[in-house]
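>>> build me a model:
(chains A, B, C and D)
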Protein chains: 2
Amino acid sequence: MAKRVTLAEVAAQAGVSPITVSRALRRPDTVQPETRARIDAAVTALGYVPDPAARALATGRSDVIGVLIPSATNAVFTDVLSGIYDRLAESRFDVQYGITRYDPGTEESLLGVFLRQRPAGLIVAGIDQTAAARRLLDRAGCPVVQVMEIGADPVDMMVGFSHHDAAAAATRHLIAQGYRRPGFLGARMDPRTRRRFAGFRAEAEAAGIFDADRCETTETPSNVGMGAALLRGLLERRPDTDAVFCNNDDLALGALFEAMRLGRAVPGDLGICGFNDLEMMRAAEPPITSVRTNRFEMGARAAEMIRARLEGKDPGPALVDLGSEVQARRSTEGPS
Amino acid sequence: MAKRVTLAEVAAQAGVSPITVSRALRRPDTVQPETRARIDAAVTALGYVPDPAARALATGRSDVIGVLIPSATNAVFTDVLSGIYDRLAESRFDVQYGITRYDPGTEESLLGVFLRQRPAGLIVAGIDQTAAARRLLDRAGCPVVQVMEIGADPVDMMVGFSHHDAAAAATRHLIAQGYRRPGFLGARMDPRTRRRFAGFRAEAEAAGIFDADRCETTETPSNVGMGAALLRGLLERRPDTDAVFCNNDDLALGALFEAMRLGRAVPGDLGICGFNDLEMMRAAEPPITSVRTNRFEMGARAAEMIRARLEGKDPGPALVDLGSEVQARRSTEGPS
DNA sequence: GGCTACGATGACAGCGCTATCATTAGATGA
DNA sequence: TCATCTAATGATAGCGCTGTCATCGTAGCC
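Below you'll find the predicted structure:
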């Protein structure tokens, strides 16, 4: 256990009072250059590092930025996390995160855990907090960014994109490519998934080709095997389905493998479109069309907005739409 | 900002002194049942939650368990993280994590960040710390668990498996299946990757079929597209290669897609074996052989060991080998 | 009955830092 | 020259909790 060096020891070494050291560290411009130099020398000589707990207690404020995400294994959220981390790594802030497991109740209680630490800022995924959680956020007393989505009535700031519109664009792409009997594969029907489904449905209905029987969904978590299972189920019921919009890329990959097993040519017999545009979509054979979302950027922007607010700079607009774009690839080149 | 309820207020409400409330909360068996009941009632009535910063300052110990992993997006580490999280979510401990980006220097400095918080415990990935980091860990003054690997000379506790042996087993499997000209694909040649390569090499040499020209590696990060590129490169140089052991599943998936593009039948013309056994391996077409490692369990055990130590229970053996096993699937059914 | 032993509770101080206000020295101007 | 102001620094107190020791009351024992 390295012995702790206190402010007072640094002060003694530098021949000033502790409070001056504190100031020199936090607002260097308020102490005379030569005093500061002496203090800096003492700090490095003794290897002083501030005690975050003591600071938190004295200021009633910690340097923790809390992040609430539904899952630690879903690539979508880990990409956002990376973005956050990237912009906070060199700062005085620490990231602490909580996993909600897609459960609003868990989110609510984790929010309590974070709040009692008086966090410097809060980043939460989505816009579907419970009423109680919403109330907690409203009174958080720190910058709050909702990520992943945009919607009306932000708690504070928001950076994301419209899942509805992104799914609608993907559906339009399928239709434009000539597919006329598109289906939908979805797992873990969380609020974002539902909005994507709504986007698919709206666009399919507008084209007069929506068929509820071509929508294969499950509440269980999403993975590649599930994509295969869902496609199999869908094709058993509606063998003439000529394309599928998959709620995410894992499902799309599973659908591709299942199509191979069933001897359905992609894209000739079956068009496949994913969502999120993970790296593997581009590398697949055939390469799979997907909807690119800017996940890393989302986290990065959220972190930047919080930092800007905390450092008194201009955080820019409170609502940032990062958009999305369909990455058209061979898997949706059109029916043969 | 929800106003903070202090211990003193709870004490007043319950008609006892603050210190008794403190005791009732931390070691309930040391206060009389009825006193405790009164205190509990006051706590719930006022919605009291302890201030972690004040506690940390008073005890010189925080409830933070620090986790150091190389990457937040690599499924391997997020699975470990999930395991840790799973066993700590309901406890008084908070997880705080740092990303080393596979850089020993970053690991060292992050270690400093954690240590100054006087963490309750530390979990670090791997056994390849710098000398300075090693020294810090030795003096950490808290339980330390190294995860992902096992090796000689643990800092404190260790839970993992032998990457060398796991790779050797996979290689033996390829040979047993009849492949005689196996190659190796590797990206991001970190220490674990190198040990896996060593395992492959040892086994191939033992069989008298090692060929350095069949080893295609790169220092750049691993992904599916890279798997495809590496296989292409390998086959250009050694077209008669009849199997590949891929350093991870992303590479294996990329290799599968590339084989499809090149018209090489898997497993007849080319056997493919991955590493980690991510879910998608089972769902692929053909299903891909891979080496199962117990990542979630690894995190879970690490967390349990730390908790046991902190709670004065028996943490069990300090070195836990979780092993690994080859999951044989169609992709290595043997050459045609 | 008087003593010890022990369990339950409380008083006090202090963890390391910072907010607040006070003080000092130096600069400015009539 | 003296009053006035400003910048730099210091003294004091306290953030909310817990370690340590003191105190009190009661059971147990001869």
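>>> only alpha carbons, please: show stretch A:138-156 as CSV.
The C-alpha coordinates for stretch A:138-156 follow below in CSV (Å, rounded to 0.1, in the frame of the first residue of the first chain):
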residue,chain,number,x,y,z
ASP,A,138,-35.2,15.9,-13.9
ARG,A,139,-33.9,16.6,-10.4
ALA,A,140,-30.4,15.1,-11.0
GLY,A,141,-28.8,18.5,-10.7
CYS,A,142,-26.2,17.6,-13.3
PRO,A,143,-26.0,17.5,-17.1
VAL,A,144,-27.9,14.6,-18.5
VAL,A,145,-27.7,13.2,-22.0
GLN,A,146,-30.1,10.7,-23.4
VAL,A,147,-28.4,8.7,-26.2
MET,A,148,-29.4,6.2,-28.9
GLU,A,149,-32.6,8.0,-29.8
ILE,A,150,-34.1,11.3,-30.4
GLY,A,151,-37.6,12.2,-29.4
ALA,A,152,-39.7,15.0,-28.0
ASP,A,153,-39.3,16.2,-24.4
PRO,A,154,-35.6,15.6,-23.6
VAL,A,155,-34.7,15.6,-20.0
ASP,A,156,-31.8,17.8,-20.8
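>>> show me the contacts for the residue of the stretch 151-300 of chain A found nearest DNA strand C.
With CB to the nearest atom of the strand as the measure, residue A:156 is the residue of the stretch 151-300 of chain A nearest to DNA strand C, at 22.4 Å. Glycine gets a C-beta too; all of them are placed from N, C-alpha and C. Applying CB atoms under 8 Å, 6 or more residues apart in numbering or on different chains, one finds that residue A:156 lies in contact with A:137, A:143-146, A:318.
>>> apply 6 Å and report the result again.
Counting by CB atoms under 6 Å, 6 or more residues apart in numbering or on different chains, residue A:156 makes contact with residue A:144.
>>> that one and residue A:129, how far apart?
Using CB to CB, to the nearest Å, residue A:156 is found at 12 Å from residue A:129.
>>> before we move on, what about residue A:32?
49 Å.
>>> between these two, who's got more neighbours?
Just comparing residue A:32 and residue A:129: by other CB atoms under 10 Å in any protein chain shown the higher neighbour count belongs to residue A:129, 21 against 10.
>>> pLDDT wise, what is the more buried one at?
pLDDT for residue A:129: 93.
>>> how about residue A:27?
86.
>>> domain map for chain A?
Listed by automatic domain parsing, the domain ranges of chain A are A:7-50, A:62-162+A:295-324, A:163-293+A:326-332.
>>> so where do the strands sit in chain A?
A:64-69, A:94-99, A:121-125, A:144-149, A:157-161, A:182-186, A:215-217, A:243-246, A:271-273, A:290-293, A:319-321, A:324-327 (DSSP state E).
>>> which one of those strands has the poorest average confidence?
Comparing mean pLDDT across the strands of chain A, the weakest is strand A:94-99, with a mean of 89.
>>> now that one against strand B:64-69, angle please.
90 degrees (axes from the mean of the first three to the mean of the last three CA atoms, to 10 degrees).
>>> packing partners for strand A:94-99?
Judged by 3 or more CB pairs under 6 Å, 6 or more residues apart in numbering or on different chains; DSSP states H and E, the packing partners of strand A:94-99 are strand A:64-69.
>>> sheet partners, orientation included, of the strand it packs on?
Strand A:64-69 has the following strand partners under DSSP bridges: strand A:94-99 (parallel), strand A:121-125 (parallel).
>>> how far out from the middle of the chain is the last one?
So that's strand A:121-125. 10 Å (CA atoms, centre = their mean, to the nearest Å).
>>> next, the buried residues of that strand.
A:121-125 (16 or more other CB atoms under 10 Å in any protein chain shown).
>>> do the same with stretch A:138-156
Across stretch A:138-156, burial judged by 16+ other CB under 10 Å covers A:140, A:142-151, A:154-156.
>>> does it reach DNA strand D?
No - Stretch A:138-156 stays clear of DNA strand D (CB under 7 Å from any atom of the strand), getting no nearer than 13.4 Å.
>>> report the distance from that stretch to the chain centre.
The chain centroid and the centroid of stretch A:138-156 are separated by 14 Å under CA atoms, centre = their mean.
>>> so how many other residues sit close to the closest residue to residue A:17 other than its chain neighbours?
In space, and not counting its chain neighbours, residue A:17 is closest to residue A:11: 5.8 Å by CB to CB, 6 or more residues apart in numbering or on different chains. Around residue A:11 there are 19 other residues, counting by other CB under 10 Å.
>>> list the contacts of residue A:11.
Per CB under 6 Å, 6+ apart, neighbours of residue A:11: A:17-18, A:21.
>>> switch to 10 Å and redo it
By CB atoms under 10 Å, 6 or more residues apart in numbering or on different chains, the contact set of residue A:11 is A:17-22, A:24, A:39, A:42.
>>> mean pLDDT lowest for which of the domains of chain A?
Among the domains of chain A, domain A:7-50 scores lowest, at a mean of 88.
>>> quick revisit: just so I know, which of the strands of chain A lies nearest residue B:59?
strand A:64-69 (18.4 Å; CB to CB).
>>> quick one on the thing from earlier: separation between the residue of the stretch 151-300 of chain A closest to DNA strand C and residue A:124?
Distance of residue A:156 to residue A:124, given as CB to CB: 10 Å.
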